[in-house]
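Q: Kindly generate the corresponding structure for this input.
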Amino acid sequence: MSTDTSVQENINPAFVPEHVAIIMDGNGRWAQARGLDRSEGHVEGVTTVRRITEEASELGVKFLTLYTFSTENWNRPKEEVDALMTLIVTAIERETPDLIKNNVRLTSIGDLSRMPDFAAERLRACMRRTSACNGLTLVLALSYSARWEIIEAARSLVADAAEGKVKPEDVDDALFASRLSTAGMPDPDLLIRTGGDKRISNFLLYQIAYTEIIITPTYWPDYSRADFRADIAEFGRRQRRFGLTGEQVTEFKNNNPKP
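A: Numbering: from 1, shown residues only. All right, here's what the predicted structure looks like:
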């Protein structure tokens with residue numbers, strides 16, 4: 001663990017986000033900048049996943065959602081996709097004993113039916129092994145697309161409406177959210193994107209309506225525990241207004257102090 005404690009000391013446990021989502025970008029560029037094959041960047045990125053998962057657990061984050069493989073990623077060169085699939089499931093299997101040891105539950109969101117059978121089966125086996133853990137929930141967004149997720153939710157509601165199970169007036173935020181792949185999870189409080197690009201890339205579009213966003217130029221393989229703590233500390237300094245004025249938020253907090 002990093003010996004830099006200056007940032008960690010600035011983190012108020014009361015302001016640690018319950019749910020952090022991360023767009024892990026920059027693996028390929030990290031490798032290319034070093035004259036390496038892009039796959040080497042993905043391998044190094046797995047090490048970052050481990051340290052950030054550990055740090056999130058230690059800080060008290062309850063949900064950590066990692067954008068691991070998007071539906072658009074299926075359009076990458078076949079050699080890179082095949083290598084990624086093998087790397088992902090191999091890394092998950094290798095880390096599963098430590099996940100269990102640290103009480104981390106593994107789950108996933110996305111269209112797993114598009115994944116190769118060997119990868120999907122091995123992933124599900126690891127999720128079953130960690131299903132009894134009740135600490136941090138590590139959510140891997142695999143073969144994931146927010147538009148796909150929203151369309152699937154709409155199809156589900158339309159099918160129920162056709163059978164008379166749902167009326168138009170029944171559809172509200174809560175009902176729609178219950179049909180998303182993140183049902184049962186709180187919306188992300190904080191979204192971090194590494195690699196410097198300033199876009200959402202089809203990630204959790206419905207869920208991040210009022211999520212705080214931090215974009216860092218640091219490539220994912222170089223993203224450290226100290227970087228993560230700095231971003232958590234920055235989150236704690238922000239005032240989340242949810243459409244209200246700053247004065248209204250302050251008044252509400254003064255009248256409803258946390259125990």
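
Q: any chance you could map the helices in the stretch 101-250 of the chain?
A: 117-129, 146-162, 173-178, 225-237, 246-255 (DSSP state H, counting those that start in this stretch).

Q: Pull the fourth one out as CSV, backbone CA atoms only.
A: The C-alpha atoms that make up helix 225-237 are tabulated as CSV, following Å, rounded to 0.1, in the frame of the first residue of the first chain:
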residue,chain,number,x,y,z
ARG,A,225,-4.3,3.8,-4.6
ALA,A,226,-3.3,7.4,-3.9
ASP,A,227,-5.0,8.5,-7.1
PHE,A,228,-8.2,6.7,-6.0
ARG,A,229,-8.1,8.2,-2.5
ALA,A,230,-7.6,11.7,-4.1
ASP,A,231,-10.7,11.2,-6.2
ILE,A,232,-12.7,10.0,-3.2
ALA,A,233,-11.5,13.0,-1.2
GLU,A,234,-12.5,15.3,-4.1
PHE,A,235,-16.0,13.7,-4.1
GLY,A,236,-16.2,14.5,-0.4
ARG,A,237,-15.6,18.2,-1.0
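
Q: list the contacts for Y67?
A: Neighbouring residues of Y67 by CB atoms under 8 Å, 6 or more residues apart in numbering: 21-24, 141, 144, 201, 203. Yep, even glycine has a C-beta here, placed from its N, CA and C like the rest.

Q: one step back: quick one, which of the helices of the stretch 101-250 of the chain gets closest to G45.
A: Set against G45 and scored by CB to CB, those come closest in helix 225-237, at 13.9 Å.

Q: Only the buried residues of the closest one, if you could.
A: For helix 225-237, the neighbour count (16 or more other CB atoms under 10 Å) marks 225-236 as buried.

Q: Can you name the residues bridging to R105?
A: With DSSP bridges as the criterion, R105 is bridged to T137.

Q: what's the distance between it and R51?
A: Separation of R105 from R51 (CB to CB, to the nearest Å) stands at 19 Å.

Q: higher neighbour count, these two?
A: Ranked by neighbour count (other CB atoms under 10 Å), R105 and R51 place R105 first, with 19 against 15.

Q: my guess is that one contacts R129, does it?
A: No. With contact defined as CB atoms under 8 Å, R105 does not reach R129; the gap is 9.9 Å.

Q: So which bits of the helix or strand harbouring I92 are buried?
A: I92 belongs to helix 78-101 when assigned by DSSP states H and E. If you call a residue buried by 16+ other CB under 10 Å, then helix 78-101 has these buried ones: 83-85, 88-89, 91-92, 95-96, 99-100.

Q: and the angle from it to helix 117-129?
A: Counting by axes from the mean of the first three to the mean of the last three CA atoms, to 10 degrees, helix 78-101 lies at 10 degrees to helix 117-129.

Q: Could you pull up the mean pLDDT of helix 78-101?
A: Regarding helix 78-101, the rounded mean pLDDT is 92.

Q: Would you mind pulling the contact partners of that helix?
A: So helix 78-101 is in contact with 38-39, 42-43, 46, 49-50, 68-69, 73-74, 76, 105-106, 115-116, 118-119, 122-123, 126, 129-130, 133, 138, 140, 142, going by CB under 8 Å, 6+ apart.

Q: Could you tell me which of the residues you listed count as buried?
A: Neighbour-count burial (16+ other CB under 10 Å) applied to the contacts of helix 78-101 gives 38-39, 42-43, 46, 49, 68-69, 73, 105-106, 115, 119, 122-123, 126, 129-130, 133, 138, 140, 142.
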